[in-house]
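Chemist: 3D model of this:
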Amino acid sequence: MKKITFNAPLNHKAYSYEPMQIEVEKVITLYGKRFEQMRHHPLEDDPEIIDNRELMYMEGNIAHCILFLDGNGSDGILVEAEGADYAWKSEFISNARAIIEQSEFTYGERQLHAELKAMADRIAELAHTGQETFIYEDAESDTNLRELMIQAVAEMLDRRSDLAEIRDHYLGSTGQADFTVTAKPTNEMKLYCPLEIKAEPQYDEDEGFDYDDYDYEVIPSSCACGCEDEINAAIEKYSEPEEEHRGLMIYYDESSPVNEKVVSAFPSVEVRNGELVGVLTCRLTEPLTDSEMAEFQDWWTGQAADGWGEGFEQREIKTDAFGTIYVSFWNSSDSWQIEAEMTNSTNTADIEEEESLDMGGISM
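Modeler: Here you go, the predicted structure:
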């Protein structure tokens, strides 16, 4: 048997364990050092706990909690703050991600797993009789695995918050549709950020080139508006085939509710108020809460600085106006910030109304 390895606290000379019923109202993924901060200092005030205090309370022997998940690992911290700004009651949960995934299994998935396990058991049993080669069809039971898989997929689709209607009408006929799925209409949200644009220095080939004097020229965003199409063409060329429908959302944490609310997120540049700025254009099936918006903006900041943006800023872009330029969606100055703008438009109608609510350094 393979060794099982996980993280867990051990109590010294524990007298008893009295569990209570736990209902997880929400799963929040903490990225970077935020999970370690909560793990090492659970009694310090925490913004995610403050934003979600109303979800944590006791009801008889039932504790309504939030599960904070390590974005860089598999462990979690269960919290029932009971109105406090910190983890008033908490428990370290080893391998919490696996618990979440197991709880998300539908009835059809469990049936399918049982059938696959039964097939593996039959093959193992025959292997001990000396048989060494097996054919998949010979190990099958009388259960229609295709029908079982369609049932499992339909149940998984039915649990998604971004879909309006799912119908499973499996008839076993070749070419006949097995599902009818209607997606929820979406609204558009744009996250704007300043760009840092640098151009390679121009030099005369006849005079030679001194690498000691090699220094990039910073191009003001107001002067780079004419490069919009050239930069967007470079962004499109930089994209991966699997990003076709969802853009950068294919890299988002699957366990986060944000991953279903934000259908797609595509980076680009556009001229806004006379300046060329970076923009992440998103399609949302429903608004993000304040804590979800903070999580999403933290993620986009990471993508702009260290993820997608770090790779893109190293790609040279040929322009008519400035020669070869390099474009960064992030910089370390205090002026760098994200501004969000929500547009009340569905994916099937024209944009009718725009609203911008000022929220400190963030517009939404």
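
Chemist: Can you give me the pLDDT of Gly360?
Modeler: Note on Gly360: pLDDT of 34.

Chemist: didn't Gly247 look like it was pressed against Ala265?
Modeler: Yes. Using CB atoms under 8 Å, Gly247 is in contact with Ala265, at 4.8 Å. Yep, even glycine has a C-beta here, placed from its N, CA and C like the rest.

Chemist: burial measure for the residue lying closest to Tyr31 once chain neighbours are set aside, as a count.
Modeler: Counting by CB to CB, 6 or more residues apart in numbering, Gly71 is the residue found nearest to Tyr31 once chain neighbours are left out, at 3.9 Å. By the criterion of other CB atoms under 10 Å, Gly71 has 19 neighbours.

Chemist: list the contacts for Gly71?
Modeler: Counting by CB atoms under 8 Å, 6 or more residues apart in numbering, Gly71 touches 29-32, 35, 253.

Chemist: which residues of the stretch 251-364 of the chain fall in strands?
Modeler: Assigned strands in the stretch 251-364 of the chain, in chain order: 262-272, 275-284, 317-319, 323-328, 339-344, 353-355, 358-359, 362-363 (criterion: DSSP state E, counting those that start in this stretch).

Chemist: most neighbours per residue, which of those?
Modeler: By mean neighbour count, with neighbours taken as mean count of other CB atoms under 10 Å, strand 275-284 ranks first of the strands of the stretch 251-364 of the chain at a mean of 21.

Chemist: where does this structure dip in pLDDT?
Modeler: 1-2, 171-175, 202-214, 344-364 (pLDDT under 70).

Chemist: export the strands of the stretch 251-364 of the chain to a markdown table and tack on distance to Arg167?
Modeler: Listed next are the strands of the stretch 251-364 of the chain as a markdown table, based on distance: least, CB to CB, whole Å:
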| stretch | distance to Arg167 |
| --- | --- |
| strand 262-272 | 21 |
| strand 275-284 | 23 |
| strand 317-319 | 47 |
| strand 323-328 | 46 |
| strand 339-344 | 29 |
| strand 353-355 | 33 |
| strand 358-359 | 40 |
| strand 362-363 | 40 |
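
Chemist: I'd like to know which of these lies nearest to Glu217.
Modeler: strand 323-328 (9.1 Å; CB to CB).

Chemist: Would you mind pulling up the elements that the closest one packs against?
Modeler: With contacts taken as 3 or more CB pairs under 8 Å, 6 or more residues apart in numbering; DSSP states H and E, strand 323-328 sits against strand 196-199, helix 308-312, strand 317-319.

Chemist: which one of these lies closest to Asp46?
Modeler: Among the helices and strands packed on strand 323-328, if distance is taken as CB to CB, the winner is helix 308-312, at 28.1 Å.

Chemist: Thr285 touches Lys261, doesn't it?
Modeler: Yes. Assessed by CB under 8 Å, Thr285 is found in contact with Lys261 at 5.7 Å.

Chemist: Please enumerate the shared neighbours of the two.
Modeler: Shared contacts of Thr285 and Lys261, counting by CB under 8 Å, 6+ apart, come down to 161-162.

Chemist: Leu78: what's its closest spatial neighbour, skipping adjacent residues?
Modeler: Using CB to CB, 6+ apart, the nearest residue to Leu78 is Glu91, at 4.6 Å.

Chemist: Hmm, the one you found is touching Gly76, no?
Modeler: No. Using CB under 8 Å, Glu91 makes no contact with Gly76, being 9.2 Å away.

Chemist: Those two: which is more packed in?
Modeler: Higher neighbour count among Glu91 and Gly76: Gly76, with 27 against 16, using other CB under 10 Å.

Chemist: what separates that one from Leu30, distance-wise?
Modeler: Distance, Gly76 to Leu30, by CB to CB, to the nearest Å: 9 Å.

Chemist: Could you do Thr285 as well?
Modeler: 24 Å.

Chemist: who's more crowded, those two?
Modeler: More neighbours surround Leu30 than the other of Thr285 and Leu30, with 22 against 19 (other CB under 10 Å).

Chemist: partners of that one in the sheet?
Modeler: With DSSP bridges as the criterion, Leu30 is bridged to Asp70.

Chemist: repeat for Val218
Modeler: Bridge pairing for Val218 - DSSP bridges - gives Lys198.

Chemist: That one: how many residues sit nearby?
Modeler: Val218: 10 neighbours (other CB under 10 Å).

Chemist: just Ser161 next, same as before
Modeler: Ser161: 10 neighbours (other CB under 10 Å).

Chemist: Excluding chain neighbours, what is closest to it?
Modeler: Excluding its sequence neighbours, the residue lying closest to Ser161 (CB to CB, 6+ apart) is Glu260, at 4.9 Å.

Chemist: so who does that neighbour touch?
Modeler: Contacts of Glu260 (CB under 8 Å, 6+ apart): 160-162, 285.

Chemist: residue contacts, Asp70?
Modeler: 29-30, 35, 76, 96-97.

Chemist: before we move on, the earlier item: how about the contacts of Glu260 in TSV, adding secondary structure?
Modeler: Below are the contacts of Glu260 laid out as TSV (DSSP: H, G, I helix; E, B strand; the rest coil):
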residue	secondary structure
Arg160	coil
Ser161	coil
Asp162	coil
Thr285	coil
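
Chemist: between these, which is closest to Arg122?
Modeler: Arg160 (34.2 Å).

Chemist: Please identify the buried residues of stretch 30-47?
Modeler: For stretch 30-47, a neighbour-count test (16 or more other CB atoms under 10 Å) marks 30-31, 34-35, 38-39, 42, 46 as buried.

Chemist: Show me the chain divided up by domain.
Modeler: Following the assignment in automatic domain parsing, the chain carries domains at 21-102, 108-183, 187-363.
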